[in-house]
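> Curious how this folds, go ahead:
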Amino acid sequence: MRPRVIGLARAVAGGWVALELALVVVLTWSEGGLGAKVLRFVLLNAAVIVLAEVVFQIATRLVTGRFYVRVPKLSFADIYMEPHPHITVVYKARFPTHPSMPVHYALSRGRRFRSIRMVTNNYRHLDGPGGDRDITVAKPPATVRVLCLGESTTGNYLEMDGVVSSYPLELEALLRARFPGRHVVVHNCGHGGWTSADILIDFLLNLYDTDPDVVIIYHAYNDLAASLTPGFRSDYSHARRNFGEVYHLYRKARYIPDVPLGFFNFVVNSLFPYLNPRFGVIEATSRGAPDLKGEFRGLETYRRNIEHIVKVCQAGRIDVVLSTYAHLLYDEVRHSPVHLKYREGVLQENEQILDVGRTLGVPVVDNFTLTPSEEKYFVDSIHFSPDGMRLLAQNFAEEVAPLVGARFAALPGDQDARRAT
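Sure thing, here's the model as predicted:
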């Protein structure tokens with residue numbers, strides 16, 4: 001998909017440059033003085049810009065079913081991601097994210113989704129309704145702490161009809177209803193673009209210190225690009241680069257003007273993924289290209305990384321809940337070679353997760369099977385709609401609630417928790 005977008009953007013840019021040159025040539029040889037020629041050029045150019053924008057928007061609507069929505073450019077000072085010495089990319093701590101804006105997914109289909117402006121917390125994640133709920137250390141007394149690890153399918157927040165949703169928020173509400181009067185907190189520790197390697201490092205170096213009681217891992221998919229990229233290395237260095245290697249490009253991108261035209265915005269955001277990290281961070285931190293005809297060479301690495309988290313948790317007496325990964329082949333991509341290949345990879349990753357659960361004796365929630373293959377629950381092939389987030393939370397709650405109850409029941413004199421379980 002990405003090469004097609006880049007090719008289209010280059011075609012649009014090339015066509016625009018050719019048109020401008022043609023205007024210059026025609027007006028140069030036209031009659032009249034220099035002032036008249038400049039005036040005609042300005043007027044014709046303005047007319048061509050308006051026509052190009054109209055044609056671009058109509059074509060976008062015919063192809064995608066919606067008009068193009070400009071992606072706002074962030075100033076360098078407002079970029080909310082930064083390099084980290086051990087992790088590919090991280091959010092800045094206690095820092096505001098992108099402005100609130102409509103977001104159009106492949107399966108929006110009239111549903112008015114918005115991403116909201118949030119503020120990151122002390123552990124560089126977006127947690128709680130506003131994102132800025134800190135994870136306190138030491139853990140408050142009589143508290144059961146649940147950490148949700150993953151990438152954007154965990155970290156994603158959507159606002160629709162004034163209601164903000166994420167699956168950790170939904171899970172927290174379910175658990176608090178199950179244990180009224182008790183203090184159970186579900187922290188969202190997902191981060192868009194991360195692989196299992198990033199999740200492993202963040203957990204070992206940061207999140208383990210928060211003294212969690214239960215850890216949920218919902219992750220797959222993002223490892224597949226590295227798994228398919230030639231020259232495979234088990235640290236993913238063949239397919240991933242640190243954000244620090246391209247950070248200077250974000251500083252240089254400030255010289256690219258923010259023109260209020262859809263076709264211009266499309267071209268610069270497609271060719272320069274350094275204008276808004278929300279939409280370009282994966283492109284900016286990737287190297288090489290996946291070979292869709294190749295074999296998945298990183299499945300054992302993916303499994304190893306998940307196993308390391310589980311084993312560390314078991315050694316620290318932390319309960320773990322794993323999950324298979326839900327994936328939807330909706331009508332428009334049902335025959336797409338890219339989506340079919342990645343679905344094949346997801347299925348193989350799911351088999352690895354199921355076997356990890358059997359081997360290490362930890363529960364696995366089969367969300368691939370439990371999530372109906374219906375557009376109602378998705379916004380694209382992997383990300384959930386608010387309905388999907390609620391369903392995912394319900395599926396996890398069935399497995400997590402007994403673990404939470406057991407933690408409360410272990411507290412001295414906690415008869416209420418014993419009855420709840």
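> what about Arg240, neighbour count?
24 (other C-beta atoms under 10 Å). C-beta: built from backbone N, CA, C; applies to glycine.
> how close does it sit to Arg233?
Arg240 sits 10 Å away from Arg233, going by C-beta to C-beta, to the nearest Å.
> same deal with Val186?
35 Å.
> who has more neighbours, the two?
Neighbour count, other C-beta under 10 Å: between Val186 and Arg233, Val186 has more, with 30 against 14.
> list the contacts for that one?
146, 148, 168-169, 171-172, 175 (C-beta atoms under 8 Å, 6 or more residues apart in numbering).
> Show me which helix or strand of this structure is least confident by mean pLDDT.
helix 415-420 (a mean of 50; mean pLDDT, DSSP states H and E).
> Let's see which of the contacts of Val186 end up in helices.
The members of those that map onto helices under DSSP state H are 168-169, 171-172, 175.
> Columns neighbour count, pLDDT and distance to Glu159 on top of those, output as JSON lines?
JSON lines is the format used below for these (neighbours: other C-beta atoms under 10 Å; pLDDT from 0 to 100; distance: C-beta to C-beta, whole Å):
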{"residue": "Pro168", "neighbour count": "29", "pLDDT": "98", "distance to Glu159": "15"}
{"residue": "Leu169", "neighbour count": "20", "pLDDT": "98", "distance to Glu159": "12"}
{"residue": "Leu171", "neighbour count": "26", "pLDDT": "98", "distance to Glu159": "18"}
{"residue": "Glu172", "neighbour count": "21", "pLDDT": "98", "distance to Glu159": "17"}
{"residue": "Leu175", "neighbour count": "23", "pLDDT": "98", "distance to Glu159": "22"}
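> From these, pick the one nearest Arg114.
Leu169 (15.6 Å; C-beta to C-beta).
> Roughly how far does the closest residue to the closest one other than its chain neighbours sit from Ser166?
Nearest non-adjacent residue to Leu169, counting by C-beta to C-beta, 6 or more residues apart in numbering: Pro129, 6.9 Å away. According to C-beta to C-beta, Pro129 stands 9 Å off from Ser166.
> and the two? which has more neighbours close in?
The residue with more neighbours, out of Pro129 and Ser166, is Ser166; 27 against 12, by other C-beta under 10 Å.
> Please state the offset of the helix ranked longest in the chain from the chain centre?
Taking DSSP H as the assignment, the helix of the chain that covers the most residues is helix 34-64. Helix 34-64 has its C-alpha centroid displaced from the chain centroid by 35 Å (C-alpha atoms, centre = their mean, to the nearest Å).
> Any chance you could list what contacts whichever helix or strand comes after it?
Following helix 34-64 in sequence order, the next helix or strand is strand 81-82 (DSSP states H and E). Applying C-beta under 8 Å, 6+ apart, the contact partners of strand 81-82 are 89-92, 243, 247, 277, 281.
> Pop the domain breakdown of the chain in here.
Domain segmentation of the chain under automatic domain parsing yields 2-64, 84-240+289-420.
> right, and those - which one's nearest Leu74?
domain 84-240+289-420 (6.5 Å).
> got any ranges where the stretch 251-400 of the chain has weak pLDDT?
Scanning the stretch 251-400 of the chain for pLDDT under 70 picks out 273-279.
> where does the residue nearest to Leu169 land on pLDDT?
pLDDT for Pro129: 93.
> Check Ala13 too.
64.
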